[in-house]
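Enquirer: Prediction below, plus the sequence it came from.
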Amino acid sequence: MLSPDRPRCFEFHLADERHTARLGAALARRLAPGDTVLLRGELGAGKSALARAVIGAALGDASAEIPSPSYTLVNIYQTALGPVWHADLYRLTGAAEELEELGLVETMGAALVLVEWPERLGPALPARRLDIALTAPRAGGRDAAITLNGPGWDTVAGLLEGWR
């Protein structure tokens with residue numbers, strides 16, 4: 001049996017937007033306040049699509065309008081799960097003052113937090129996190145590499161072990 005502190009990794013091919021949305025909705029059913037999900041990948045890799053699917057499922061409305069936080073930096077949603085913060089840090093330089101102004105780091109222990117471009121967190125990167133790296137292969141769809149870091153991800157691991 002793996003140690004709960006040892007990262008657990010899962011890899012999937014998501015054939016299209018529908019599969020991406022299905023994964024996001026399934027994750028939303030397993031995530032809780034205090035969980036931090038870091039979405040990595042190049043522009044157009046599907047970070048926002050996956051975040052929208054998680055948020056839509058948390059809102060109970062997959063067709064809800066969920067704008068990108070590219071310019072606002074953070075959008076906050078009140079859901080049945082509790083508050084969900086969706087951050088896009090692409091425009092940040094990585095300065096600690098910028099993160100402090102957003103209140104994002106303080107929120108990580110209290111809300112479900114989805115972060116696009118998490119490398120901008122620098123030293124504020126949480127030890128307990130769910131990392132999702134998305135790549136768009138030439139053949140279509142996208143590949144997802146999901147790494148569970150830290151303890152407390154058993155329900156997510158159970159989902160991912162049986163995912164197809």
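Expert: Ah, there it is.
Enquirer: quick one: the helices in this protein?
Expert: Using DSSP state H, the helices of the chain run over 17-28, 47-59, 96-102, 104-107, 154-161.
Enquirer: Can you add mean pLDDT and give the ones you listed back as TSV?
Expert: Below are those laid out as TSV (pLDDT from 0 to 100):
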stretch	mean pLDDT
helix 17-28	94
helix 47-59	95
helix 96-102	80
helix 104-107	88
helix 154-161	93
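Enquirer: out of those helices, nearest to Arg138?
Expert: In terms of Cβ to Cβ, the element of the helices of the chain nearest to Arg138 is helix 17-28, at 17.3 Å. For glycine as for every other residue, the C-beta is placed from the backbone atoms N, C-alpha and C.
Enquirer: Which parts of the closest one count as buried, going by neighbours?
Expert: Buried positions in helix 17-28, judged by neighbour count with 16 or more other Cβ atoms under 10 Å: Thr20, Ala21, Leu23, Gly24, Ala26, Leu27, Ala28.
Enquirer: okay but the first one is in contact with Leu50, surely?
Expert: In other words, Thr20. Yes. Thr20 lies in contact with Leu50 (Cβ atoms under 8 Å); the separation is 5.7 Å.
Enquirer: Now the helix or strand of the chain with the lowest mean pLDDT - C-alpha only, PDB.
Expert: Ranking every helix and strand in the chain by mean pLDDT, DSSP states H and E puts helix 96-102 at the bottom, with a mean of 80. C-alpha atoms of helix 96-102 as PDB (Å, rounded to 0.1, in the frame of the first residue of the first chain):
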ATOM      1  CA  ALA A  96       4.200  37.800  -3.100                       C
ATOM      2  CA  GLU A  97       2.300  41.100  -2.800                       C
ATOM      3  CA  GLU A  98       0.100  40.300  -5.800                       C
ATOM      4  CA  LEU A  99      -0.900  37.000  -4.200                       C
ATOM      5  CA  GLU A 100      -1.500  38.700  -0.900                       C
ATOM      6  CA  GLU A 101      -3.900  41.200  -2.400                       C
ATOM      7  CA  LEU A 102      -6.000  38.400  -4.000                       C
END
